[in-house]
Structures are given as C-alpha cells and as structure tokens.
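In: The sequence isn't on hand, but the structure is:
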C-alpha cells in the first residue's frame, strides 16, 4: 500500500494557463446500434493535462490542512474507535438521505434496541435503517479487506453486494457490473430523453479496468485531487444498476484511508453533496459536456475543507460537552453506577435500560437509578413515552451529531 501523504505537487502547479479544453476531453457520446447515444469516457488522467492554477493550489493546501487537523484530533479523543463508529453512521445516513431514505441518526443508533424489541420487518423506517446499516457494513468490510487485498474492481463489487443486501436495489444484481443500459434523468425519462446515458454495458468492464489502473498509478497527483477524479469517473461509468451514488460516495473516504491520507474514515462528504446537490450534479455534467475537470475539482476540494473543518469543530464540542457533564455529575451524584451509566451514553448516545444492564454488568434497579439521576439533571431524555422498551437519548450529544443531517437540498 503506497503512502500518498507526501507528494510532489510542483509538476501539477506548473500546468496553468493554456487554451480552453476541447469538449471531448472527458469522453464522447457514441451512437449505439439501437438508436440512442451513450457516453464513452476517456481514461484518466485528463488530457490535455489538468491545470492546477494558484487559486486551486491554495484551496488544495487548505483542504489538506483541514483534513490533517481532523485526523489528528481524532487521536486525542479518549475512545477514537467509537468516535469513528458514530461518524461512519452519520456519513451513511447522509449518503442514504440523498437517495431518499427517511430515517434519522437516532433511528440508526437505536438499531440495537429495535432488534432486541424484535421490531417487525415492515415497521416504518426499518428498511431505511437497514440501508444505512449496509453502508456501514460495506465500508467496514472494504477497510478490513484493504489489509491484504488491493483496491480493485473485485473489491468494489464485493462492497456493492454488501451495500444492496436485502434493501432497495437488491433485485438488481448486487455485486455484479450491469449487463443492461441505465440512464440518468427526470422521472419518466427514457434512454432517448435522459439527461445522461453512461457507457453501454459492453464497455463497463474496460472502463472499470482503466479506472482501477489509474487508482494504482503513482504519477504525483495530489491524493485529494485523485480522489475527486476517481469519484467523478466512477459516477460517469455508473457500473451498477443501482447503488452507484452511495458506493461512489463511500469510495472517496475508502480510497483516502487506503492511500494512508487519513487513518480513520472521518470525512463525510455526503454532507456537502447534500447541501449543494444541484451544483454537485452540474459540476459532474460539466466534465462530461465541456471537459471541465477543474471546476469539479475546485468544488470537491472546497467540500473537503468545509466538511473536515465542521467535523473538527464538532469533535472539540463533543469533548467539551463530556467534560462539562462529568463535572456536573461529580457535584450532583458521584455514585459509581451513575457514572458508569453516563459513560455508556458517551459511547452510544441512544440506549435502553435492558442494554445498559448488560453493558454495565449490574442490576436493572441500579441502572434505573442512574437513568433517573441523568434524567433529572437534563442530560438524558426518554423519547418513546411508553412503559415498555423505553429509549433514552443523550440530548445535547445527539444535537451535536445531527445538526448537519437535515440540510436543505440546494
């Protein structure tokens, strides 16, 4: 596995100026035998070469610094593994929301309680929760496989199979590149009226093979820019019948971890893509129609800078919140069981008494006492209103985690 942290940017920085790029820089629309036109992308890197002008160099440096600060901050958190646990789920939720899921982060974090209560498969939101859970599972499996298996079409197909298992799109050959034509357009659009038609199925294997080769090419391309190019190319190829958007977004963080740019999967660009959804699709179309890779990369780098900065701010606020509430408990009721119950909420902000009993290895009455103290102090709140299977939420913690999961679609 190559270390892309220290790369030579000089060759890229010198490629500024020059004439406008030809419209076929990213690929061409080719008439198919059945009458429609499909886009055949050219292999990466872009040709003529990508232009990294001084403005873009500055944005790249800012994005690199923001991402480095976030990655470093995570190592200072008492339990970085659980910090990652929460952020991967947050990214999964945001990515799935782009595709239309309706569940919340509270639903995702309360999944264990729902399982213990044996919620029926047809319960409202249960399939949406499973879709987000699959995203998490696909990310985790991919990262585990990276230890002894390179990024490849095979690994991407494996992750896709996990992503679509038992959810929307599960009937559309999960884990297999498509063998029929797909297209992107408004509801009711046909292949003839679509906004964009990806390459025909007989071109998919070749296109993905070229993309795999580029991922492993060490050409001095800054890794954030390379991730931007790979994501856009993957979405242009659209190699699966369903799940291309979710997998393409997952691939960004997956590659950065694989290239050792970040140690933990904490970059959740779906937040940014959701907030600026219209511009996101417009920039991708700008590549296909005008060969404008530079505008897309600028948009992407600004997203890395913004989301990494916000994630670092949230991390600091979480650390401060936990310190404040621990101090409050030490003054109000420092009983060991109260502290033990509170510490579990620092790990998992949505819990029920049954699970807390197992986690603290104590009695139900003792856990109930701890919950009452935390409730009286306003640290946790019961959210079901029922007498059975009651769920408690660490409200301020959840507020920090969810404040950017309900952004308007731009």
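Out: Everything's here; your move. Please read all numbers here as calculations on a predicted model, not as lab measurements.

In: Three-state assignment for residue 234, please.
Out: helix (DSSP: H, G, I helix; E, B strand; the rest coil).

In: Correct me if wrong, but residue 38 is in a strand.
Out: Yes. Looking at residue 38 with three-state DSSP, it is inside a strand.

In: okay, it: pLDDT?
Out: Turning to residue 38, the model gives it a pLDDT of 96.

In: cool, the one 4 residues further on as well?
Out: The predicted local distance difference test score for residue 42 is 97.

In: That one: neighbour count?
Out: 16 (other Cβ atoms under 10 Å). (Glycine included, C-beta is placed from N, CA and C.)

In: Pretty sure residue 194 sits against residue 185.
Out: Yes. Shown here, residue 194 and residue 185 form a contact pair, counting by Cβ atoms under 8 Å, at 3.7 Å.

In: Which of these two has more residues huddled nearby?
Out: Between residue 194 and residue 185, counting by other Cβ under 10 Å, residue 194 is the more crowded of the two (18 against 14).

In: before we move on, what SS does the more buried one have?
Out: Residue 194 ends up coil, using three-state DSSP.

In: Can you give me the buried ones in the helix or strand in which residue 73 is found?
Out: Residue 73 belongs to helix 54-74 when elements are defined using DSSP states H and E. Under the neighbour-count criterion of 16 or more other Cβ atoms under 10 Å, helix 54-74 has 56, 59, 60, 62, 63, 64, 66, 67, 70, 71, 73, 74 buried.

In: average pLDDT across the strand or helix carrying residue 132?
Out: Taking DSSP H and E as the definition, one finds residue 132 inside helix 126-145. Here helix 126-145 scores 82 as its mean pLDDT.

In: Give the other helices and strands that that helix contacts.
Out: Contact partners of helix 126-145 among helices and strands, from 3 or more Cβ pairs under 8 Å, 6 or more residues apart in numbering; DSSP states H and E: helix 80-98, helix 105-109, helix 111-116, helix 153-163, helix 244-258.

In: which stretch in those helices has the least confidence?
Out: helix 111-116 (a mean of 46).

In: picking that back up, what is the orientation angle of the helix holding residue 132 with helix 80-98?
Out: 130 degrees (axes from the mean of the first three to the mean of the last three Cα atoms, to 10 degrees).

In: who touches stretch 191-211?
Out: By Cβ atoms under 8 Å, 6 or more residues apart in numbering, the residues outside stretch 191-211 that reach it are 29, 32, 35-41, 43-44, 153, 156, 177-186, 189, 230, 233-234, 236-239, 285, 288.

In: For the top helix by length along the chain, give the mean pLDDT please.
Out: If you go by DSSP state H, the chain has its longest helix at helix 293-332. Mean per-residue pLDDT for helix 293-332: 93.

In: Ok, stretch 335-353 next?
Out: So the average pLDDT for stretch 335-353 ends up being 92.

In: Residues touching it, excluding its own?
Out: 79, 82, 86, 106, 109-110, 113, 116, 322, 325-326, 329, 356, 359-360, 362, 364, 366-371, 373-374, 379-380, 389-394, 397-398, 401.

In: and that stretch, how far from the chain's centre?
Out: 28 Å (Cα atoms, centre = their mean, to the nearest Å).

In: Can you give me the buried ones in that stretch?
Out: Buried, per 16+ other Cβ under 10 Å, within stretch 335-353: 337-338, 340-353.

In: One more: stretch 375-392?
Out: So, applying 16+ other Cβ under 10 Å, buried residues of stretch 375-392: 379, 380, 391, 392.

In: State the helix or strand in which the nearest residue to residue 370 once chain neighbours are set aside lies.
Out: Nearest non-adjacent residue to residue 370, counting by Cβ to Cβ, 6 or more residues apart in numbering: residue 341, 3.3 Å away. Residue 341 belongs to helix 336-347 when assigned by DSSP H and E.

In: Now residue 393: which helix or strand?
Out: strand 391-394.

In: if I look at the residue nearest to residue 98 when sequence neighbours are not counted, how far off is residue 142?
Out: Excluding its sequence neighbours, the residue lying closest to residue 98 (Cβ to Cβ, 6+ apart) is residue 274, at 5.3 Å. As judged by Cβ to Cβ, to the nearest Å, residue 274 and residue 142 stand 22 Å apart.

In: Just give me the residue right at the centre of the protein.
Out: Computing the C-alpha centroid of the chain and ranking residues by Cα atoms, centre = their mean puts residue 91 first, at 4.0 Å.

In: unless I'm mixing things up, that one is touching residue 268, no?
Out: Yes. Residue 91 is within contact range of residue 268, at 3.5 Å (criterion: Cβ under 8 Å).

In: tell me, what's touching those two both at once?
Out: residue 253.

In: returning to what we had before: the helix holding residue 341 vs helix 80-98, what angle?
Out: For helix 336-347 against helix 80-98, the angle by the same axes, to 10 degrees is 50 degrees.

In: Toward the C-terminus, what is the element adjacent to helix 336-347?
Out: Sequence order places strand 350-352 as the next helix or strand after helix 336-347, per DSSP H and E.

In: now residue 161, nearest residue through space, not along the chain?
Out: Per Cβ to Cβ, 6+ apart, closest to residue 161 is residue 175, 3.0 Å.

In: what about the one you found, how many neighbours?
Out: Count around residue 175 with other Cβ under 10 Å applied: 16.

In: That one against residue 156, yeah?
Out: No. The pair residue 175 / residue 156 is not scored as a contact, 9.4 Å apart, by Cβ under 8 Å.

In: on that earlier part again, among the contacts of stretch 335-353, which ones are buried?
Out: Buried among those by 16+ other Cβ under 10 Å: 86, 106, 109-110, 113, 322, 325, 329, 356, 359-360, 362, 366-367, 369-371, 373-374, 379-380, 391-394, 397-398, 401.

In: Report the residue ranges of every domain in this protein.
Out: As assigned by automatic domain parsing, the chain contains the domains 10-314, 315-402.

In: Can you give me the end-to-end span of the shortest one?
Out: Right, domain 315-402. 13 Å (Cα to Cα, to the nearest Å).

In: Figure out how far it is from the centre of its chain.
Out: Distance of domain 315-402 from the chain centroid (Cα atoms, centre = their mean) equals 28 Å.

In: cool, and the longest one?
Out: Centroid separation for domain 10-314 versus its chain: 8 Å, with Cα atoms, centre = their mean.
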